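> I'd like to go over a predicted model; first the sequence, then the structure.
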Amino acid sequence: MKLGVIVGYEKNIGLKFETLKQLGIPTCQLSIWNPDVIDNEALEEVKKASVAYGIEITAIWGGWGGPKVWDFVQGPLTLGLVPKEYRAQRMDDMVKHSEYALKLGVSDIVTHCGYIPENPCDENYKSLVASLQYIVRIYQSRKQNFLFETGQETPITLKRIMDDIGLPNVGVNLDPANLLMYGKANPVDALDIIGPYVKGVHGKDGEYPTNGYQLGKEKPLGEGRVQYDLFIRKLKQIGYTGAITIEREISGEKQIEDIKKAKDLLDKYIAAE
């Protein structure tokens, strides 16, 4: 396993890649929340920085337009591809991310699909599956993978929708903290259900929710409820050899400090027998 950091696209992206090089981190996921800000000049800037600093881009984290409320009340109405009123535009956004990934030579595109209905007989579930099949077939034609980031659905619902899509290029970007923060699963146990589908992993930590309205709190890695020693041991048992991409959802010097601590902790667990 190798380490990475999730990096949001912005002008002068080379500065962020230079920081990763200084930290001794060889990979990143490139987060593009607004696909409309990317043009060929931006893609060329990313490619040059990646080569100059020797940073491998393991995945594009693809965002989408429209409202975004990260809670248990408005979240189901606003997030991902689940809400029908935003779905057509967001499908277009995910196709744009595929085009960017193709130009960057990246094969994995990650996103939050939203609060996938637990009931497979729900009409919105059926239409969501059809919409995802459309996107995933485009990715398949380009030799790309569509990865669901965990969090807003239970692991068994995630397994079900991948099985119902029925295409080989779907997988999981497992964020263990999200499973806790959304109150959906223990991440170590979740690997028993979705382990074979894991193609990417986030290194993040957090707590379970304490009420029915807001997510649990994100914490510095090692200070939350993810049992990283057990989690990494389980990843080794299922044969995962990809990147663990550190994510710390703050900014500034404290973010860099927490990333350094996360790197040291993850290095220790990865090296352990």
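Good, I have the coordinates.

> how many other residues sit next to Asn119?
Number of residues near Asn119 (other Cβ atoms under 10 Å) recorded here: 9. (C-beta placed from N, C-alpha, C; glycine too.)

> quick one: the nearest residue to it once chain neighbours are set aside from Ser131, how far?
In this structure, Asn119 finds its nearest non-sequential neighbour in Tyr125, 6.5 Å apart by Cβ to Cβ, 6 or more residues apart in numbering. For Tyr125, the distance to Ser131 equals 11 Å [Cβ to Cβ, to the nearest Å].

> would you map the strands across the stretch 51-200 of the chain?
Counting by DSSP state E, counting those that start in this stretch, the stretch 51-200 of the chain forms strands over residues 56-62, 108-111, 145-149, 170-174, 198-203, given from the N-terminal end onward.

> JSON lines for these, including mean pLDDT, distance to Arg137 and mean neighbour count?
Putting those into JSON lines (pLDDT from 0 to 100; distance: least, Cβ to Cβ, whole Å; neighbours: other Cβ atoms under 10 Å) gives the following:
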{"stretch": "strand 56-62", "mean pLDDT": "98", "distance to Arg137": "17", "mean neighbour count": "23"}
{"stretch": "strand 108-111", "mean pLDDT": "98", "distance to Arg137": "14", "mean neighbour count": "24"}
{"stretch": "strand 145-149", "mean pLDDT": "98", "distance to Arg137": "10", "mean neighbour count": "24"}
{"stretch": "strand 170-174", "mean pLDDT": "98", "distance to Arg137": "11", "mean neighbour count": "25"}
{"stretch": "strand 198-203", "mean pLDDT": "98", "distance to Arg137": "18", "mean neighbour count": "23"}
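
> in JSON lines: those, plus distance to Ala185.
JSON lines is the format used below for those (distance: least, Cβ to Cβ, whole Å):
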{"stretch": "strand 56-62", "distance to Ala185": "21"}
{"stretch": "strand 108-111", "distance to Ala185": "18"}
{"stretch": "strand 145-149", "distance to Ala185": "14"}
{"stretch": "strand 170-174", "distance to Ala185": "10"}
{"stretch": "strand 198-203", "distance to Ala185": "13"}
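
> report the buried residues of the biggest helix by length in the chain.
For the chain, the helix that runs over the most residues, judged by DSSP state H, is helix 84-104. Neighbour-count burial for helix 84-104, counted by 16 or more other Cβ atoms under 10 Å, picks out 86-87, 90-91, 93-98, 100-102, 104.

> so who does the closest residue in space to Trp61 that isn't next to it in sequence touch?
Of all residues beyond its chain neighbours, the one nearest Trp61 is Ser31 (4.1 Å), with distances taken as Cβ to Cβ, 6+ apart. Residues in contact with Ser31, defined by Cβ atoms under 8 Å, 6 or more residues apart in numbering, are Ile6, Val7, Gly8, Tyr9, Ile60, Trp61, Gly63.
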